[in-house]
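Enquirer: any chance you can model this:
(chains A, B and C)
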Amino acid sequence: MSRKIITLTSDFGMKDPYVAEMKAAVLGIYPEATLIDISHEIEKFNIQMGAYILSAATDYFPKGTIHVAVVDPGVGTRRRSILIQTKQGFLIGPDNGVLSLAAERAGIEHVYEISNPCFMLPVISSTFHGRDIFAPVAAHLAKGVAALEVGPEVKEIDRPEFTRILSGKESIVGKVLHLDGFGNIITNITKAQISSLALCSQLDIKLSGRKVRLKFYKTYGEAKPAEPLAFIGSHGYLEIAVNQSSAAEKFEVKLGDKITVLLPQKS
Amino acid sequence: MSRKIITLTSDFGMKDPYVAEMKAAVLGIYPEATLIDISHEIEKFNIQMGAYILSAATDYFPKGTIHVAVVDPGVGTRRRSILIQTKQGFLIGPDNGVLSLAAERAGIEHVYEISNPCFMLPVISSTFHGRDIFAPVAAHLAKGVAALEVGPEVKEIDRPEFTRILSGKESIVGKVLHLDGFGNIITNITKAQISSLALCSQLDIKLSGRKVRLKFYKTYGEAKPAEPLAFIGSHGYLEIAVNQSSAAEKFEVKLGDKITVLLPQKS
Amino acid sequence: MSRKIITLTSDFGMKDPYVAEMKAAVLGIYPEATLIDISHEIEKFNIQMGAYILSAATDYFPKGTIHVAVVDPGVGTRRRSILIQTKQGFLIGPDNGVLSLAAERAGIEHVYEISNPCFMLPVISSTFHGRDIFAPVAAHLAKGVAALEVGPEVKEIDRPEFTRILSGKESIVGKVLHLDGFGNIITNITKAQISSLALCSQLDIKLSGRKVRLKFYKTYGEAKPAEPLAFIGSHGYLEIAVNQSSAAEKFEVKLGDKITVLLPQKS
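Expert: Residues are numbered from 1 along each chain as shown, chains lettered A, B, ... in the order given. Take a look at the predicted model:
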């Protein structure tokens, strides 16, 4: 029997003991786990950024991988804990949208509300469900427990506003999901939504109150140093970059900002 | 035979090659190791913060886990290197207090001074005992070497001042052990020491020269946004938090600051 | 058959999903991998710092370890992708110098230009060869593919200017390769190049336009608090430090700065 992969995503940072406690909770139940950190540097309480980072990474993991994500401002209140079975594997976390993008990309098969105490730690703190509920459930699942044993099936998951884009005749309106460490601006507008535009080799956008015309390139290296460009990033989303520099700084963009792609009009 | 878990805690940061070198030293001796990082973002040379982070995480690891901790301002001088056998597992590091809180929580059985060169790397640098002594000793222990082979048994470990709190009739005086990434203030005052007060549902404290009355809640979520609160954290210590904001900033607290809990007086 | 070790070094940071995607690409091909992060906090596009960090860590890994390093400002352009077989193991990455120091330390046996698409992901993005080429090649190699199958043998690797030092009768001129998290200044001048000087127990250097005389110690702890010192670091390079403080701040040094060691002159 091969060792199952369990990934962890959170806004806990790497300074505190919290991530290690989640791993300890997994290893106490399922010592064979291959534990992989996706990111623990999600901006505190930023569900949208957590949802993006998780969805970007999940594509590449083998079938059957179990992903745990904890960006959880409502811990200890009435928000549900869920396990989503997708066509690719499993997603575990609070039902606040942090799992939504990854779930949609992978294709949802079933959603269960986690409620069976057999698969949690014996004492549940009010502040740390990552360690006390999500990590143990992941470990039990890896060990062979069936998804439907964790609790009753539910119909719907929370789909926050950032999962939707507004597509009209004159424009497509999306949001800035993430600013990566290179200063690239990653939006929630997908390749499919602007595929016809890409052929034009240029793109008119509105961002931070400015109207900008960008060249469409396949990679940073095609642009001159310091030249801004648009391209489809390796996860299939529209990205704005500046070759060897920070687009986030150049365009003074913040997480969650609106981005408008202006469609060419027949004259 | 199952793979042994070896955890690493240090003030090395994640930018430098030092953590990887410790892992390489382990894997060269015991390739089956399950290596888990607890934290490498301990404030440089801050033994007290290292001791807290280590003790917070160790509780949750399975029996037999081997923990290596390196916050070591005295490396290359005469401070001892020790291996502590506890009721839960093993602690390895310099004898400067960094292992003390975790050792007390787990229950000390034996302490050995590491001196047997058979279990160290062939060349010992004067500046990096984490790689040259502590990691190899951990790997040999995982591989089956008995604890008493590493060196002579010793009676006492260094117990720095931060491991003690001052408990009187009018007040309990402790210290700020850690400020976590959410801005929560974590003290060295334990649940047991204030258990009667917790029933009162409020707490009078002195912190950074200010007297503050705080509500006692079970979780952040019970407080209003921006409301400060006291609660017993998931590791059993008194914590001060502000719901969805930073208590460390609000109360202008630094690591090591004094915190006084005022006991209710019969009038 | 034992599990092969694959290490990862990059300038991706730990916030973004990129490192996890590389690990996912490895695990999809070779699920038994022991994955070790060397550092992902290389300064963006700083090939020289990446080369140093990689070479510092590689020494300690067991024979046969496969190291992947991605600091790759030229991704998507014509720079080659290479696999270097050394006396110690394998190095995989762009041919821009990032592998050069580690390759020289380990001893180069063969260099291959990676070009065989069988060992890459089916779709190659223009911006992320770490995930699409380097990680899969590492996984296939770990799984048993022979090095020479990845592509044609080539004669030379890129050896940038930072791999050379200028040694004359009056001075040795090197560069600052790295400033570590403790503020230690790490140069590219090796133990062998100044071994005779070390006996003098003091060293005259020029750094940031200043001439400084430093004592030569074996370890920080021998110096007084705040005293600057020179020593041979645990990787065999000349380092400048300040005991329990930051030499990088004291001497206002930046990555890549010139450092001159003045040789004693017969009078």
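Enquirer: quick one, helices of the stretch 51-200 of chain A?
Expert: A:100-106, A:129, A:135-143, A:195-198 (DSSP state H, counting those that start in this stretch).
Enquirer: only alpha carbons, please: show stretch A:9-23 as CSV.
Expert: The C-alpha coordinates for stretch A:9-23 follow below in CSV (Å, rounded to 0.1, in the frame of the first residue of the first chain):
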residue,chain,number,x,y,z
THR,A,9,-2.5,25.3,3.4
SER,A,10,-3.1,28.0,6.1
ASP,A,11,-2.6,31.6,7.3
PHE,A,12,-0.6,30.3,10.3
GLY,A,13,2.8,31.5,9.1
MET,A,14,6.0,29.4,9.8
LYS,A,15,7.1,31.1,13.0
ASP,A,16,4.4,29.6,15.3
PRO,A,17,4.0,26.0,16.3
TYR,A,18,0.6,25.6,14.7
VAL,A,19,1.6,24.0,11.4
ALA,A,20,3.8,21.4,13.3
GLU,A,21,0.8,20.6,15.6
MET,A,22,-1.3,19.8,12.6
LYS,A,23,1.4,17.5,11.3
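Enquirer: distance from the chain centre to that stretch, please.
Expert: Centroid displacement of stretch A:9-23 relative to its chain, using CA atoms, centre = their mean, to the nearest Å, is 17 Å.
Enquirer: for A:V26, see how far away A:I92 is.
Expert: As defined by CB to CB, to the nearest Å, A:I92 lies at a distance of 11 Å from A:V26. C-beta here means a position set from N, CA and C on the backbone, and glycine is covered the same way.
Enquirer: correction: A:E41
Expert: The value you get for A:E41 to A:V26, if CB to CB is used, is 20 Å.
Enquirer: neighbour-wise, which of those two wins?
Expert: The neighbour count for A:E41 versus A:V26, taken as other CB atoms under 10 Å in any protein chain shown, is higher for A:V26 (27 against 20).
Enquirer: how near is the more buried one to chain B?
Expert: Distance from A:V26 to chain B, counting by CB to the nearest CB, to the nearest Å: 10 Å.
Enquirer: next one: A:R79
Expert: In this view, A:R79 and chain B are 9 Å apart by CB to the nearest CB.
Enquirer: repeat for A:V150
Expert: In terms of CB to the nearest CB, A:V150 sits 21 Å off from chain B.
Enquirer: just list the residues touching that residue, thanks.
Expert: A:L83, A:Y112, A:I114, A:S115, A:N116, A:F119, A:V137, A:H140, A:L141 (CB atoms under 8 Å, 6 or more residues apart in numbering or on different chains).
Enquirer: and what of A:L101?
Expert: A:A51, A:Y52, A:L54, A:S55, A:T163.
Enquirer: which bits of the stretch 51-200 of chain A sit near chain B?
Expert: Counting by CB under 8 Å from any CB of the partner chain, the stretch 51-200 of chain A comes close to chain B at A:P73, A:G74, A:V75, A:G76, A:T77, A:S125, A:S126, A:T127, A:F128, A:R131, A:D132.
Enquirer: list only buried entries from these.
Expert: A:P73, A:G74, A:V75, A:G76, A:S125, A:S126, A:T127, A:F128, A:R131, A:D132 (16 or more other CB atoms under 10 Å in any protein chain shown).
Enquirer: count the residues that sit near the closest residue to chain C within chain A.
Expert: For chain A and chain C, the shortest gap (CB to the nearest CB) falls at A:T219, measuring 3.2 Å. Around A:T219 there are 17 other residues, counting by other CB under 10 Å.
Enquirer: likewise the one 5 residues further on?
Expert: The number of residues packed around A:K224, counting by other CB under 10 Å, is 9.
Enquirer: doesn't it belong to a helix?
Expert: No - assessed with DSSP: H, G, I helix; E, B strand; the rest coil, A:K224 is coil; it does not lie in a helix.
Enquirer: next, give phi and psi for it.
Expert: Note on A:K224: its backbone torsions stand at phi -70, psi 160 [degrees, to the nearest 10].
Enquirer: with adjacent residues omitted, what lies nearest to it?
Expert: Take A:K224 and drop its neighbours on the chain: the residue closest to it by CB to CB, 6 or more residues apart in numbering or on different chains is A:N243, 6.5 Å away.
Enquirer: surely the one you found meets A:L229?
Expert: Yes - counting by CB atoms under 8 Å, A:L229 is a contact partner of A:N243 at 6.7 Å.
Enquirer: return every residue with contacts to both of those two.
Expert: With CB under 8 Å, 6+ apart, A:N243 and A:L229 have common neighbours A:Y220, A:A223.
Enquirer: so between these two, which is more surrounded?
Expert: The residue with more neighbours, out of A:N243 and A:L229, is A:L229; 22 against 18, by other CB under 10 Å.
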